[in-house]
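Student: show me the folded form of this:
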Amino acid sequence: MSGERGHLNNTSILRFESRFFTEHRFLVYGSTAASSYTIGLAWRLIQHKWLIADRAPCTDFIWIWLSSKLALTGALAQAYNYAVFSAVHRAMVGAPDCILEHFDYPPTLLVYTYPLGLAPFSTAFVLWVGVTLLLYLAAVYVIVPRPAAVIAALTAYPVIVNVLAGHNGFLTAGLMGLSLAFMPRRPWLSGIFLGLLTYKPQLGILFPIALFASRKWRVLLSAIAATTIFALIATVAFGYRAWPLFADALVDRASSLSQTPHTAFALALVSVFGFLRSLGVNSHISWAVQLLVTGVVAVMVSILWARPIPYSLKAAALCIGSLLAAPHAHDYDACILSIAGAFLVKDGLLRGFLPGERTVMLMCWAGLIFWVGPFPAIICAVLLVLVVRRVVLCQEDVFAAPRPTLQPQGPQP
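Tutor: This next block holds a predicted model:
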């Protein structure tokens, strides 16, 4: 009797969610949020708080633009020296009251950003944000080919961070999403996108584990080849000395990360390490917990990718795990959660949603929009629970539930 009552309750929940969660409603919700963001950005522009000379040097994009300028003059080595980089910054754009960090990315990033040094700051900023945003949205659309999915991906708070700061979150999420989207049917193309993602190695540490566990050798070989060619291009263009300088800068970054105090910088980290440091927890304890979480996530990803479960669930778990496993994951990197959400939605569209699942997804979406306090860590944990729940129940009849109004188009991998 209790089983029948539970089944009736689940059916009622599914019917309610199927009426409530339609493509039209999501278009309305997403368009409203996106319009609000647009109005807010326009107001910032009117108030001289965005892309204006007195504030532009304080955006994150400044180190991308300056490093491109130095690369153009054959002085990329100066970008890895904080004192020299700061002097160049003052000489070119003045000395605003803001924090400037030196360049601590591999030289391969310059393969993307090198042309930006040819343009004035504002023009380069618009080009960078516009092109990388299109790449990010293209990845979402390839996974879920619906306007509602693209609109929803535009409303996340990390999108605003990238638009205002001009960082590389769109590029990272776009390359990761395209690599995972093409992996089942076009492994060689997937590997190329994965190789291009190596400009940000800390967010790709779980990919080799997943590829080995699932024995996707063609993807792995393609990624290795693309990474090698990518590195050779950077070496030829900017000199082999850039690599040891990058290694030194990486060591400095790790040292400064351990000393991260209870500041806005710690709050900007979406990792477990950053969350604990923002609460004032000792750096040694924070590192220990982060390493524990990284190990657990790595084992979980390995198990999931080795099992014969729906691919979309594997991809979602890998996206979420990539954020959780990286101690130096920032708020602008959290666009990856939109990619994870797209894969979860795709699996739901193909096999049906579980009772209450779409309500939880809506709450996570709201969390990505309003984004305060510990929301990033909570959203990662909740999405991972949804993935595990679907994995556990993927062989049962619970997925034979009424399908939502939003349906996929065409064949899906």
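
Student: quick one: low-confidence ranges for the stretch 1-150 of the chain?
Tutor: Residue ranges of the stretch 1-150 of the chain with pLDDT under 70: 1-58, 90-102.

Student: OK, contacts around residue 218?
Tutor: By C-beta atoms under 8 Å, 6 or more residues apart in numbering, the contact list for residue 218 reads 187-188, 191. C-beta: built from backbone N, CA, C; applies to glycine.

Student: so where does it fall, helix or strand?
Tutor: Element membership for residue 218 (DSSP states H and E) is helix 217-238.

Student: hmm, which of the contacts of residue 218 are the buried ones?
Tutor: 187, 191 (16 or more other C-beta atoms under 10 Å).

Student: and the residue most central in space within the chain, how far from residue 136?
Tutor: In the chain, the centroid-proximal residue (C-alpha atoms, centre = their mean) is residue 336; its distance is 2.6 Å. For residue 336, the distance to residue 136 equals 10 Å [C-beta to C-beta, to the nearest Å].

Student: residue 341 now?
Tutor: Taken as C-beta to C-beta, the span from residue 341 to residue 136 is 13 Å.

Student: those two: which is more packed in?
Tutor: Applying other C-beta atoms under 10 Å to residue 341 and residue 136 shows that residue 136 carries more neighbours, namely 30 against 27.

Student: which SSE is that one in?
Tutor: Going by DSSP H and E, residue 136 is part of helix 121-143.

Student: what comes up buried for stretch 144-152?
Tutor: For stretch 144-152, using 16+ other C-beta under 10 Å, the buried residues are 144, 146, 148-152.

Student: scratch that, stretch 168-179 is what I was asking about
Tutor: Applying 16+ other C-beta under 10 Å to stretch 168-179 flags 168-179 as buried.

Student: list of residues touching that stretch?
Tutor: Counting by C-beta under 8 Å, 6+ apart, residues outside stretch 168-179 touching it are 64, 109, 112, 129, 132-133, 135-136, 138-140, 142-143, 158-159, 161-162, 190-191, 193-194, 196-197, 200, 203-204, 319, 322, 330, 332-336, 338-339, 342.

Student: end to end, how far does stretch 273-285 reach?
Tutor: With C-alpha to C-alpha, to the nearest Å as the measure, stretch 273-285 spans 9 Å from end to end.

Student: state the mean pLDDT of that stretch.
Tutor: Computed over stretch 273-285, the mean pLDDT rounds to 81.

Student: do stretch 382-398 as well
Tutor: 79.

Student: show residues contacting it.
Tutor: 10, 300, 304, 307, 309-310, 313, 316-317, 320-321, 324, 337, 340-341, 344, 347, 351-352, 354, 357, 360-361, 363-364, 399.

Student: buried set for the helix or strand harbouring residue 368?
Tutor: Taking DSSP H and E as the criterion, residue 368 maps to helix 357-370. Neighbour-count burial for helix 357-370, counted by 16+ other C-beta under 10 Å, picks out 357-358, 361, 364-365, 367-369.

Student: show me which pair in those is furthest apart.
Tutor: Farthest pair in these (C-beta to C-beta) is 357 and 369. Separation: 19.0 Å.

Student: what number of residues lie near residue 60?
Tutor: Neighbour tally, residue 60, other C-beta under 10 Å: 18.

Student: buried residues in the helix holding residue 136?
Tutor: Result for helix 121-143 [16+ other C-beta under 10 Å]: buried residues 121, 124-125, 128-129, 132-133, 135-137, 139-141, 143.

Student: where does pLDDT dip in the stretch 201-350 of the chain?
Tutor: Looking at the stretch 201-350 of the chain by pLDDT under 70, you get 251-268.

Student: now the helices for it?
Tutor: 207-214, 217-238, 242-258, 264-268, 272-278, 283-306, 311-325, 336-351 (DSSP state H, counting those that start in this stretch).

Student: in stretch 291-298, which residues are buried?
Tutor: Residues of stretch 291-298 classed as buried: 293-294, 297-298 (neighbour count, 16+ other C-beta under 10 Å).

Student: ah, wrong one, I meant stretch 194-205
Tutor: 194-200, 203-204.
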